[in-house]
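Student: Next input, structure requested:
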Amino acid sequence: MTRRSGSADLPLHGGRVPRWLADRMTRLGALMAEAIVREYGRDEFLRRLAHPFWFQSFGAVMGMDWHSSGITTSVIGALKRGLAPLSNELGIHVCGGRGKHSRATPGELVAIGERVGFDGAALAGASRLVAKVDSAAVQDGFDLYLHGFVVTDDGQWVVVQQGMNGERRQARRYHWLSENLKSFVDDPHAAVDGPGQGRIVNLADHRAQASRLAQLELLGTLGPDGVAREFSRIEGRAAPEPPVDAPLQLGLLPHLVMPDHHDVRGSDVVTRRLHGALAAAAENGPRDFTGLLQVPGVGARTVRALAMVAEVVHGTPCRFSDPARFSLAHGGKDRHPFPVPTRVYDHTIGVLKSAVENARLGRDEQLSAIKRLDEQARRLERHARGPSVEQYIAEERLRSHEYGGRSVFGWEPPAAAPVGHKKAS
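Tutor: Below you'll find the predicted structure:
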């Protein structure tokens, strides 16, 4: 995973995650996190949380609104609840959250440090400084309201925090990673997600070093009162506007653009990757899952969801350029791309839970089967064919009642199936 800075557009959405979905997100998120830690280690899990594209895909595969700012709050909350009982075993601790929970972060870090042995006071200071940099040194029009701090027993950490711009109904998410961090004020971000605002004040950019030094010199020469007088003198002078079509001075940065539209469209998904997952599920499902895992109710639809979960667990950074694709695993609480198929979701949790519990006992065959599903999908996507995104979604909506479809609007009623329609579980 890269430590380069980036940006993304996130529509600002309100509302709450219903209990029936929050509980499932907690269970699935914890199981996926444990699978990643067992396969790749704790540091790799932190790197993934620091990657804006992966983070968005992680939330989408868990049934959260695939494109909205709410993913940040719900993912941090699900991990905090789900990993707390596993903290002694995995050595991962999730602190902070939204609002008052964010302000409790320093105290949580000190308490955890006393228990496991790292310098909690120093990390509490890092938490405060991270928040200060993104609220004061980076003046981009977004007010911070969420701060999540994930730390391991050996003191490595990642911070995911988010600010909002109420007037524009937009949010910006910031990612920090302690790995190789040498300075809090010289390009410290792993990534920055949020809507482009044109030119912004970012004193944490390495290119702003001269400006930081000049500000210190100016303050030493004029003093605070002199700086205030000088600002008043030039305040009315309008700065020249850059050309309308001038490119943002951001360098080669990852830029995640999440659209305002709620529906998932073909343009939001890399179709060949979807077809690869569907083909791998069709070819590997009966052999690797119903025969191996022996989880009641597992059928073709559950294996399709597992193929997307497997990619989030095992995929490389370039695989997450289309986070919308992962919402096709378990839908979304707002009925987009389709209502959450709760029966499929529960079967996914059952399969992954069985695999992880066996791995704890030294039996890795089931986790290996899930990894093979992802490997097969990558091989098949070069030539696999399948339905369009719109056809896939239409089929899911048609069968939503059968899958236990549920959204914030309630349970899905039965739909009249066309003549000759075949059922699959």
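
Student: mind checking how far Gly155 is from Leu86?
Tutor: 19 Å (C-beta to C-beta, to the nearest Å). Every residue, glycine included, has its C-beta placed from N, CA and C.

Student: Could you do Gly405 as well?
Tutor: Taking C-beta to C-beta, one finds Gly405 at 30 Å from Leu86.

Student: What of Ile393?
Tutor: Taking C-beta to C-beta, one finds Ile393 at 35 Å from Leu86.

Student: for His93, same thing?
Tutor: Taking C-beta to C-beta, one finds His93 at 10 Å from Leu86.

Student: okay, these two: which has more neighbours?
Tutor: The neighbour count for His93 versus Leu86, taken as other C-beta atoms under 10 Å, is higher for His93 (25 against 16).

Student: ok, for the residue most central in space within the chain, nearest residue in space, not its chain neighbours?
Tutor: Most central in the chain under C-alpha atoms, centre = their mean is Phe55, positioned 1.9 Å from the mean C-alpha point. Closest residue to Phe55 apart from its sequence neighbours, by C-beta to C-beta, 6 or more residues apart in numbering: Leu49 at 6.1 Å.

Student: ok, now Asp260?
Tutor: With sequence-adjacent residues excluded and distances taken as C-beta to C-beta, 6+ apart, Asp260 is closest to Pro11, at 5.2 Å.

Student: now Phe338
Tutor: Glu396 (4.1 Å).

Student: how about the one you found, what does it touch?
Tutor: 328, 331, 337-338, 341, 403 (C-beta atoms under 8 Å, 6 or more residues apart in numbering).

Student: Surely it forms part of a helix?
Tutor: Yes. Membership of Glu396 in a helix is supported by DSSP: H, G, I helix; E, B strand; the rest coil.

Student: Need the per-residue pLDDT for it.
Tutor: Confidence at Glu396, expressed as pLDDT, is 97.

Student: measure it to Val389 for me?
Tutor: Glu396 is 11 Å from Val389, by C-beta to C-beta.

Student: Give me the common contacts of the two.
Tutor: Leu328.

Student: The residue nearest to Phe55 and Ala305: what is the separation?
Tutor: 22 Å.

Student: Which of those two has more residues huddled nearby?
Tutor: More neighbours surround Leu49 than the other of Leu49 and Ala305, with 27 against 23 (other C-beta under 10 Å).

Student: shouldn't that one be in contact with His175?
Tutor: Yes. Using C-beta atoms under 8 Å, Leu49 is in contact with His175, at 7.4 Å.

Student: list residues touching both of those two?
Tutor: Counting by C-beta under 8 Å, 6+ apart, the residues touching both Leu49 and His175 are 55, 158, 160.

Student: Reformat these as JSON lines; add secondary structure and pLDDT.
Tutor: Compiled in JSON lines, the shared contacts of Leu49 and His175 are given as follows (DSSP: H, G, I helix; E, B strand; the rest coil; pLDDT from 0 to 100):
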{"residue": "Phe55", "secondary structure": "helix", "pLDDT": "94"}
{"residue": "Val158", "secondary structure": "strand", "pLDDT": "92"}
{"residue": "Val160", "secondary structure": "strand", "pLDDT": "92"}
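
Student: Figure out the helix or strand that Glu390 lives in.
Tutor: Using DSSP states H and E, Glu390 maps to helix 389-398.

Student: Now do the nearest residue to Pro413 once chain neighbours are set aside against Phe338, distance only.
Tutor: In space, and not counting its chain neighbours, Pro413 is closest to His401: 6.0 Å by C-beta to C-beta, 6+ apart. Using C-beta to C-beta, His401 is found at 11 Å from Phe338.

Student: Just want to know which of those two has more residues nearby.
Tutor: Shown here are His401 and Phe338; by other C-beta under 10 Å, Phe338 has more neighbours (26 against 16).

Student: Counting neighbours, what do you get for Asn358?
Tutor: There are 15 residues near Asn358, going by other C-beta under 10 Å.

Student: Just say helix, strand or coil for His262.
Tutor: coil.

Student: Surely it and His336 touch.
Tutor: Yes. Checked against C-beta under 8 Å, the pair His262 and His336 is within contact range at 4.5 Å.

Student: which residues are in contact with both of those two?
Tutor: Listed contacts common to His262 and His336 are Asp65; contacts here mean C-beta under 8 Å, 6+ apart.

Student: neighbour count winner among those two?
Tutor: The residue with more neighbours, out of His262 and His336, is His336; 19 against 16, by other C-beta under 10 Å.

Student: so who does the more buried one touch?
Tutor: Counted by C-beta under 8 Å, 6+ apart, His336 has contacts 65-66, 262-264, 327.

Student: and which of the residues you listed is nearest to Glu114?
Tutor: Asp65 (37.9 Å; C-beta to C-beta).

Student: all strands in the protein, in order from the N-terminus.
Tutor: Using DSSP state E, the strands of the chain run over 7-11, 92-98, 138-139, 143-152, 157-165, 170-177, 189-193, 201-202, 255-257, 340-341, 405-407, 410-411.

Student: mind giving me JSON lines with those and columns for distance to Val312?
Tutor: Shown next, in JSON lines, are the strands of the chain (distance: least, C-beta to C-beta, whole Å):
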{"stretch": "strand 7-11", "distance to Val312": "18"}
{"stretch": "strand 92-98", "distance to Val312": "17"}
{"stretch": "strand 138-139", "distance to Val312": "29"}
{"stretch": "strand 143-152", "distance to Val312": "17"}
{"stretch": "strand 157-165", "distance to Val312": "16"}
{"stretch": "strand 170-177", "distance to Val312": "17"}
{"stretch": "strand 189-193", "distance to Val312": "17"}
{"stretch": "strand 201-202", "distance to Val312": "30"}
{"stretch": "strand 255-257", "distance to Val312": "15"}
{"stretch": "strand 340-341", "distance to Val312": "17"}
{"stretch": "strand 405-407", "distance to Val312": "22"}
{"stretch": "strand 410-411", "distance to Val312": "27"}
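
Student: Of those strands, which shows the lowest average pLDDT?
Tutor: Among these, strand 201-202 carries the lowest mean pLDDT (a mean of 46).

Student: distance of Asp143 from Met164?
Tutor: Distance from Asp143 to Met164, by C-beta to C-beta: 6 Å.

Student: Please say which of those two ends up with more neighbours.
Tutor: A count of neighbours by other C-beta under 10 Å puts Met164 above the other of Asp143 and Met164, at 20 against 11.
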